[in-house]
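Enquirer: I'll drop the sequence and a predicted model, then ask my questions.
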Amino acid sequence: MKSLFYNICREIRLKFLIFKKKEPLLKSFRLHNWFYATLLCFGFIAAGAQTKVPATSSWADAQKKGQASISVLWYDIEPFIYRDGKGGIMGVEYELMEGFKGFLKQQYNVALQINWVDAGSFENIYPQVKTSQEKGLFGLSFYSITEERKKEIKFSPPYMPDLNVLVTNNSLPVYESDNAFIKDLSKLKGYTMKETTMEQDLLKLKQIYFPPLPISNQVDDYEVLKQIAQYQNSFGYVPVSIYVVALQRGIKIKRQRVMATRREGFAAIYTKASDWDEAVNAYFNSSECKMLVMGLIRKYLGTEVADIILDVSGKDTANGKPTDIELLTKEREIVTQRLIDTAVEGERTKTQRNIIIAAGVLLLLAAAVFFWRFRTKHKMNQLLKQRNSLIAAQNQRIEEMNQQLNIKILQSRINPHFIFNSLNSIQYYITANDKKVALQYIARFSAFLRQILKSTDEMLIPAAEEAKLAEQYLWLEQSRFPDRFDYKINVLNGASEAQTPPLLIHALLETVLYNHVLSDKKTGFVSIDFMHEEDRLVMKVSDSATSANHLETDNLQKRIELINRAALKPITFLQSRKDETNFMELTIPQPLFTS
């Protein structure tokens with residue numbers, strides 16, 4: 001009931017502020033006072049309301065009877081305690097308190113029942129715990145331990161570090177010192193949530209440095225961050241864990257590495273009248289509880305995120321420069337945006353370059369023809385012979401250049417294929433909520449992409465680089481299909497410096513994987529050998545798939561044919577099967593081109 005009145009009051013005030021902006025006449029005395037009279041009326045009703053909770057047990061009775069019942073007031077603060085899509089309760093604090101039941105049963109042989117009571121708002125929890133005489137009434141909603149609150153309620157031992165970080169709108173600069181931020185305080189507006197340590201930090205800042213600082217109160221932590229992201233020259237305090245979750249949700253705000261505040265930690269709260277101290281302290285100080293908390297933080301925030309949060313919240317980071325956790329979203333943005341930009345820019349650059357080369361060749365040809373015609377009119381026969389010879393040489397050169405351009409264009413067209421396949425893999429891991437593997441995959445994929453972009457404009461690269469590209473590709477595919485295949489790459493007989501067209505082996509590997517290895521029921525194995533034999537580089541690919549299907553290698557054959565037109569000696573490709581093993585062999589003459 002109390003939460004209903006709070007929501008009505010909040011809605012009335014919101015409607016008033018909106019109406020006031022649209023209708024200046026609302027400033028009239030009667031209408032103004034009618035709104036505030038209504039708001040005040042509901043405010044008094046809400047102030048007198050109490051959330052109804054079931055009767056609770058004392059710890060003394062629990063030990064005597066071997067069973068007990070407690071009530072826990074809570075309010076949504078994802079990911080610490082909140083409702084899932086089906087209406088059930090979940091989160092770090094929920095599972096932490098549910099673990100209390102197993103601890104009491106094991107250590108004290110007491111069967112505990114927990115009554116979870118939705119308080120309707122954050123502001124409802126603390127006053128009720130403060131004034132209640134119930135011995136088994138608890139509160140959970142990410143509460144910070146403070147000396148002022150210790151005088152009014154009891155806290156469990158802290159289960160998680162408590163660090164409030166200063167966040168600002170992205171339009172504001174990165175402040176290098178506290179003084180630099182304080183100088184700009186007169187231009188800013190603060191956003192916070194009432195009855196929180198975030199509000200305490202903001203009010204302290206206001207009191208000490210700039211008393212006229214305007215402050216706007218919001219309904220929860222995430223609404224605070226949304227307001228900061230929306231309005232320029234805005235800032236506020238939030239717990240570092242909430243900041244990380246907000247980044248994962250795509251809220252665009254900036255963490256400043258100044259003015260951070262640290263407190264004793266986050267804990268459950270319970271009444272001064274309670275006698276549950278012995279059980280509460282024993283549980284929250286136990287090694288079982290500490291291990292459970294570590295697991296829950298990793299479960300709900302992800303392993304990488306959890307480690308970063310715990311590192312940032314450590315004892316020695318408040319006055320220094322905490323670990324930069326903005327990478328949680330920036331990596332994703334860099335990978336997706338840069339891949340798209342690079343692909344588009346690469347295609348545009350190559351097209352422009354091709355046009356310029358073609359235009360240059362045509363201009364050169366026309367100039368040569370007109371020049372020789374002008375100079376040698378009286379020697380027409382000789383001119384015709386010279387011109388035909390020149391045209392033939394130029395045609396041959398143009399043909400060579402066209403072949404090189406076609407090869408590079410074919411290589412560049414492979415890149416979008418890699419990009420979108422890999423983006424699908426990243427999307428798969430993110431959808432599967434496997435953040436650790438997703439971040440690792442992104443890092444390896446970024447390195448792979450850089451190597452591809454580096455090799456795209458080259459006609460030839462060392463075999464060692466081709467082997468590295470093959471290893472990176474197989475690692476990425478093995479991450480997508482774990483336990484489906486293994487691989488081994490060998491660079492033998494001084495083959496590292498031998499030259500090969502870039503990505504020549506990639507199309508072959510992709511076909512082997514999808515037509516042989518991954519279509520097989522058993523775990524497959526792919527082996528790649530690079531060998532330097534006399535005046536040639538031999539690249540052998542073998543797989544252990546039971547399938548003996550002939551590989552479709554049309555794309556590879558087209559590229560080999562195109563390369564062979566400009567090659568001194570042709571590249572050859574062979575397929576065979578022996579002793580239940582499929583073999584593919586590429587032979588590249590050394591040298592392949594004249595230059």
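Expert: Done, it's in.
Enquirer: Quick check: the residue of the chain most remote from its centre vs L364, distance?
Expert: For the chain, the C-alpha lying farthest from the average C-alpha position belongs to H378; by Cα atoms, centre = their mean, that distance is 75.2 Å. Distance, H378 to L364, by Cβ to Cβ, to the nearest Å: 25 Å. No exception for glycine: its C-beta is placed from N, CA and C like everyone else's.
Enquirer: E98 now?
Expert: E98 is 80 Å from L364, by Cβ to Cβ.
Enquirer: do the same with A358
Expert: On the measure of Cβ to Cβ, A358 and L364 end up 11 Å apart.
Enquirer: Check T500 too.
Expert: Relative to L364, and taking Cβ to Cβ, T500 is found at 33 Å.
Enquirer: Kindly confirm my reading that T56 forms part of a helix.
Expert: No: assigned with DSSP: H, G, I helix; E, B strand; the rest coil, T56 falls outside any helix and is coil.
Enquirer: Can you get me a residue count around it?
Expert: 23 (other Cβ atoms under 10 Å).
Enquirer: And the pLDDT for the residue lying closest to it once chain neighbours are set aside?
Expert: Nearest residue to T56, sequence neighbours excluded (Cβ to Cβ, 6 or more residues apart in numbering): G136, at 2.9 Å. pLDDT, G136: 94.
Enquirer: what's the answer for E561, then?
Expert: E561 is given a pLDDT of 88.
Enquirer: Phi first, then psi, for it.
Expert: phi -60, psi -40 (degrees, to the nearest 10).
Enquirer: T546 and Y75: what is the separation?
Expert: In terms of Cβ to Cβ, T546 sits 59 Å off from Y75.
Enquirer: Looking at E98 and L364, which is more packed in?
Expert: Using other Cβ under 10 Å as the criterion, E98 and L364 rank with E98 on top: 15 against 11.
Enquirer: quick one: contacts for the more buried one?
Expert: I114 (Cβ atoms under 8 Å, 6 or more residues apart in numbering).
Enquirer: Listing request: residues of the stretch 1-150 of the chain with sub-threshold pLDDT.
Expert: Per-residue confidence for the stretch 1-150 of the chain (pLDDT under 70) gives these ranges: 1-49.
Enquirer: how about the strands in it?
Expert: 67-74, 82-83, 89-90, 111-118, 137-144 (DSSP state E, counting those that start in this stretch).
Enquirer: And the stretch 301-450 of the chain, by the same measure?
Expert: So, for the stretch 301-450 of the chain - with DSSP E, counting those that start in this stretch - there are no strands.
Enquirer: quick one, helices of it?
Expert: Along the stretch 301-450 of the chain, counting by DSSP state H, counting those that start in this stretch, helices occupy 303-312, 327-375, 380-431, 435-456.
Enquirer: Comparing those, which yields the minimum mean pLDDT?
Expert: helix 303-312 (a mean of 65).
Enquirer: if you skip the residues just before and after it, what's nearest to D178?
Expert: Nearest one to D178, counting by Cβ to Cβ, 6+ apart, is V258 at 4.9 Å.
Enquirer: got the contact list for the one you found?
Expert: L166, Y175, E176, S177, D178, A180, F181.
Enquirer: how would you label the first one: helix, strand or coil?
Expert: This means L166. Classified using three-state DSSP, L166 is strand.
Enquirer: what sits opposite it in the beta ladder?
Expert: When assigned by DSSP bridges, L166 has beta-bridge partners Y237, Q256.
Enquirer: Just the pLDDT for R263.
Expert: R263 is given a pLDDT of 89.
Enquirer: neighbours of the nearest residue to it once chain neighbours are set aside, just the number please.
Expert: Excluding its sequence neighbours, the residue lying closest to R263 (Cβ to Cβ, 6+ apart) is D162, at 4.3 Å. D162 sits with 22 neighbouring residues when counted by other Cβ under 10 Å.
Enquirer: can you check K183 too?
Expert: Other residues near K183 come to 12 when the count uses other Cβ under 10 Å.
Enquirer: now swap in the one 5 residues further on and tell me
Expert: The local packing count at L188 equals 19, with neighbours defined by other Cβ under 10 Å.
Enquirer: Does it touch F235 like I think?
Expert: Yes: applying Cβ atoms under 8 Å, one finds L188 in contact with F235, separated by 5.5 Å.
Enquirer: Low-confidence ranges, the stretch 201-350 of the chain, go.
Expert: Those would be 304-343, if you go by pLDDT under 70 across the stretch 201-350 of the chain.
Enquirer: run the last query once more with 50
Expert: 316-339 (pLDDT under 50).
Enquirer: So if I had to pick from T546 and Y75, which one is more boxed in?
Expert: More crowded of T546 and Y75, by other Cβ under 10 Å: Y75, with 20 against 12.
Enquirer: show me what contacts the more buried one?
Expert: Y75 sits in contact with I81, D118, A119, G120, S121, F122, N124, I125, S141, where contact means Cβ under 8 Å, 6+ apart.
Enquirer: try it again with 6 Å
Expert: A119, F122, S141 (Cβ atoms under 6 Å, 6 or more residues apart in numbering).
Enquirer: Quick check: can you list the domain ranges of the chain?
Expert: 2-48, 160-274+308-323, 326-457, 459-595 (automatic domain parsing).
Enquirer: Of these, which is nearest K65?
Expert: domain 160-274+308-323 (17.2 Å; Cβ to Cβ).
Enquirer: Distance from that closest one to the middle of the chain?
Expert: Computed by Cα atoms, centre = their mean, to the nearest Å, the chain-centroid distance of domain 160-274+308-323 equals 22 Å.
Enquirer: With stretch 456-465 instead?
Expert: 32 Å.
Enquirer: where exactly do the helices run in the stretch 451-595 of the chain?
Expert: Using DSSP H, counting those that start in this stretch, helices in the stretch 451-595 of the chain cover 463-480, 504-512, 554-566.
Enquirer: of all the ones you listed, which gets the most neighbours per residue?
Expert: Highest mean neighbour count of the helices of the stretch 451-595 of the chain: helix 504-512, a mean of 21 (counted as mean count of other Cβ atoms under 10 Å).
Enquirer: Need the contact partners of it.
Expert: With Cβ under 6 Å, 6+ apart, helix 504-512 has contacts from A470, M539, V541, D543, L551, N555, L556, M584.
Enquirer: Point out the least confident one among those residues.
Expert: L551 (71).
Enquirer: what about that residue, distance to D520?
Expert: 14 Å.
Enquirer: go on, Q451?
Expert: In terms of Cβ to Cβ, Q451 sits 29 Å off from D520.
Enquirer: Do I have it right that the residue nearest to T56 meets W59?
Expert: No: here G136 lies out of contact with W59, judged by Cβ atoms under 6 Å, at a distance of 7.9 Å.
Enquirer: Counting neighbours, go ahead and name the busier of these two.
Expert: Between G136 and W59, counted using other Cβ under 10 Å, G136 has the larger neighbour count: 28 against 21.
Enquirer: Identify the residues contacting the more buried one.
Expert: Taking Cβ under 6 Å, 6+ apart as the test, what G136 contacts is T56, S57, I70.
Enquirer: Let me have the residues you listed in TSV, extended by distance to R480.
Expert: Converted to TSV, those look like this (distance: Cβ to Cβ, whole Å):
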residue	distance to R480
T56	52
S57	53
I70	47
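Enquirer: can I assume S132 is in contact with T271?
Expert: Yes: with contact defined as Cβ under 6 Å, S132 reaches T271; the gap is 5.1 Å.
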